[in-house]
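Student: 3D model of this:
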Amino acid sequence: MIPAVIVMTVLWIALTRNLDALAVGVGFVAALGVVLAQRAIFPEAKPFVTGLLRRPHQLLAFGANLLVRLVVSTCYTSWLILSGKADGRLMALPLRVRDPLGQFVLLNSITLTPSTISLLVEDDVLYLHWLQSRDGAGDWRTVKESIERRVLALFPPSTDAGN
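Tutor: Numbering: from 1, shown residues only. A predicted model of the protein is given here:
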């Protein structure tokens, strides 16, 4: 609870760019209210901030991997579009990430990578749109598997018997 309040208060300060005591106090009270409301509405939700902070090296590896994918994919997508070789495909891919927040992070990470748009997760299947070369060049497995492997490191499968 405390890490979430601190993170949201720091985010508040960064967004408002105001270190006035009243502004910081309003941000702190708002962050505390959000955390308490979240706990009241979703009492069974696992705190994910502390879990992510326990794996800082994996969080950094995920961020670095996503940044590299973003740069490489932007160049490749630009080349496809400018050369007139772009061909869109809808794909249904098996999904290994079970944690709902992990699935959310995976979907948004794939969507942030140019040439891909995540559409839907249904059961254990990820539906996405993939822009590839007309001759079939381009490997969606590399992008999906690389990002998914990093997300699985951040959100490992639960060892609970109920899940």
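Student: buried sites along the helix of greatest length in the chain?
Tutor: Taking DSSP state H as the assignment, the helix of the chain that covers the most residues is helix 56-83. By neighbour count with 16 or more other C-beta atoms under 10 Å, helix 56-83 contains the buried residues Gln58, Phe62, Asn65, Leu66, Arg69, Ser73, Tyr76, Thr77, Leu80. In this view, the C-beta of every residue, glycine as well, is placed from N, C-alpha and C.
Student: thinking the second one is in contact with Ala153, fair?
Tutor: The reference is to Phe62. Yes. Counting by C-beta atoms under 8 Å, Phe62 does reach Ala153; the two are 7.2 Å apart.
Student: so, low pLDDT: which residues of this protein?
Tutor: 44-53, 133-140, 158-163 (pLDDT under 70).
Student: and if we set it to 80?
Tutor: Counting by pLDDT under 80, the chain shows low-confidence ranges at 1, 42-55, 113-115, 132-144, 157-163.
Student: quick one, helices of it?
Tutor: For the chain, applying DSSP H gives helices covering 2-16, 21-41, 48-53, 56-83, 100-112, 140-154.
Student: for Leu90, which of those is the nearest?
Tutor: helix 140-154 (11.2 Å; C-beta to C-beta).
Student: against which helices or strands is that closest one packed?
Tutor: Counting contacts by 3 or more C-beta pairs under 8 Å, 6 or more residues apart in numbering; DSSP states H and E, helix 140-154 is packed against helix 56-83, strand 86-94, helix 100-112, strand 125-133.
Student: nearest to Arg141, out of the ones you listed?
Tutor: Across the helices and strands packed on helix 140-154, closest to Arg141 is strand 86-94 (C-beta to C-beta), at 8.4 Å.
Student: hang on, the earlier thing: switch the helices of the chain over to TSV; also include distance to Leu131.
Tutor: Putting these into TSV (distance: least, C-beta to C-beta, whole Å) gives the following:
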stretch	distance to Leu131
helix 2-16	33
helix 21-41	37
helix 48-53	31
helix 56-83	6
helix 100-112	12
helix 140-154	10
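Student: figure out which of those helices is closest to Arg89.
Tutor: Set against Arg89 and scored by C-beta to C-beta, those come closest in helix 140-154, at 8.3 Å.
Student: tell me what angle the closest one forms with helix 56-83.
Tutor: If you take axes from the mean of the first three to the mean of the last three C-alpha atoms, to 10 degrees, helix 140-154 sits at 160 degrees to helix 56-83.
Student: okay then, goodbye and thanks.
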